[in-house]
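>>> Show me how the following folds:
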Amino acid sequence: MSGLKVIVPSRGRPHAALELADAFALTCTADTSLIFAVDTDDPAKAGYTEVAKAGLASVITGDHTSMVDALNQRATGYAGLEDDLTPFAIAFMGDDHRPRTVGWDAAYLKALADLGTGIVYGDDLLQGERLPTQCAMTADIVRALGYMAPPTLTHLAVDDAWLALGHAADCIRYLPDVVVEHLHPVAGKAGWDAGYRRVNSQAMYRRDLLEFERWKTEELPAAAVAVRALRGVAA
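Below is the predicted model of the structure:
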């Protein structure tokens, strides 16, 4: 069993992928793999190939309908591998996250080992404890639910869903001393490029927030029961 697989769905930003890969090289101390999930039709796909050729990360292309679909395709694939190949934990980051704390990955794995089954996240210097804009979870959660993020979401409210699940199943932990910075335009740390505008439109907010509320009401209770069962805790 390997340690941590970090999945980063990305489109049109090979420069950001390179910066993130460099940040991993400077900060990772555990058995951690970085995987970029890139759309087959991405015009910038060749740029990601260069990141892979440099040996800094793996790049897997696929036909994805959304960021959530790209994440779930990779996460369920890793969670479903044979026991000796399945990672203990699977993580999500955006291509605009940057781990800053040396050993952040070891800290995540240690906290997850302590939880047994659970979700862990650090300080993104934007939302802090309020939202896990990046997180790692034990692979058994992905295997039990059949997804890492609710598949009916597109891009937004995924962090809300992780927080809600973690609290409902009493299995989430925030690590304030672990910094994984979020270089988001809202924080004034990036410009509003076409990609940001596309996934942060008012229509996208309305759609995903409504869908999150539906998921929280209709599907979260059963998901929490399933995760509690993994932990051997009664609902």
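>>> any idea where the helices of this protein begin and end?
Listed in chain order, the helices found in the chain under DSSP state H are 14-27, 45-53, 67-79, 104-115, 139-145, 158-168, 194-199, 202-218, 220-231.
>>> Turn these into TSV, columns for mean neighbour count, distance to Ile7 and mean pLDDT.
For every residue, glycine as well, the C-beta is placed using N, CA and C. Output for the helices of the chain, formatted as TSV (neighbours: other Cβ atoms under 10 Å; distance: least, Cβ to Cβ, whole Å; pLDDT from 0 to 100):
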stretch	mean neighbour count	distance to Ile7	mean pLDDT
helix 14-27	18	12	95
helix 45-53	16	14	90
helix 67-79	22	5	96
helix 104-115	20	14	98
helix 139-145	21	10	97
helix 158-168	21	12	97
helix 194-199	13	17	56
helix 202-218	14	19	89
helix 220-231	17	20	97
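>>> In CSV: these, plus distance to Phe92.
Formatted as CSV, these follow (distance: least, Cβ to Cβ, whole Å):
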stretch, distance to Phe92
helix 14-27, 12
helix 45-53, 17
helix 67-79, 6
helix 104-115, 12
helix 139-145, 11
helix 158-168, 8
helix 194-199, 15
helix 202-218, 16
helix 220-231, 17
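>>> For Leu131, find the nearest of those helices.
helix 158-168 (4.5 Å; Cβ to Cβ).
>>> Which elements pack onto the closest one?
Applying 3 or more Cβ pairs under 8 Å, 6 or more residues apart in numbering; DSSP states H and E, one finds that helix 158-168 contacts strand 119-123, strand 135-138, strand 172-182, helix 202-218, helix 220-231.
>>> Which one of those lies nearest to Leu18?
So among those, strand 172-182 is nearest, using Cβ to Cβ, at 16.4 Å.
>>> coming back round to it: figure out which of the helices and strands packed on helix 158-168 is closest to Ser2.
That would be strand 135-138 among the helices and strands packed on helix 158-168, by Cβ to Cβ, at 12.9 Å.
>>> pLDDT (mean, whole number) over that closest one?
Mean per-residue pLDDT for strand 135-138: 98.
>>> so how far is Leu71 from the spatially most central residue of the chain?
In the chain, the residue lying closest to the centroid (Cα atoms, centre = their mean) is Phe92, at 1.5 Å. Separation of Phe92 from Leu71 (Cβ to Cβ, to the nearest Å) stands at 6 Å.
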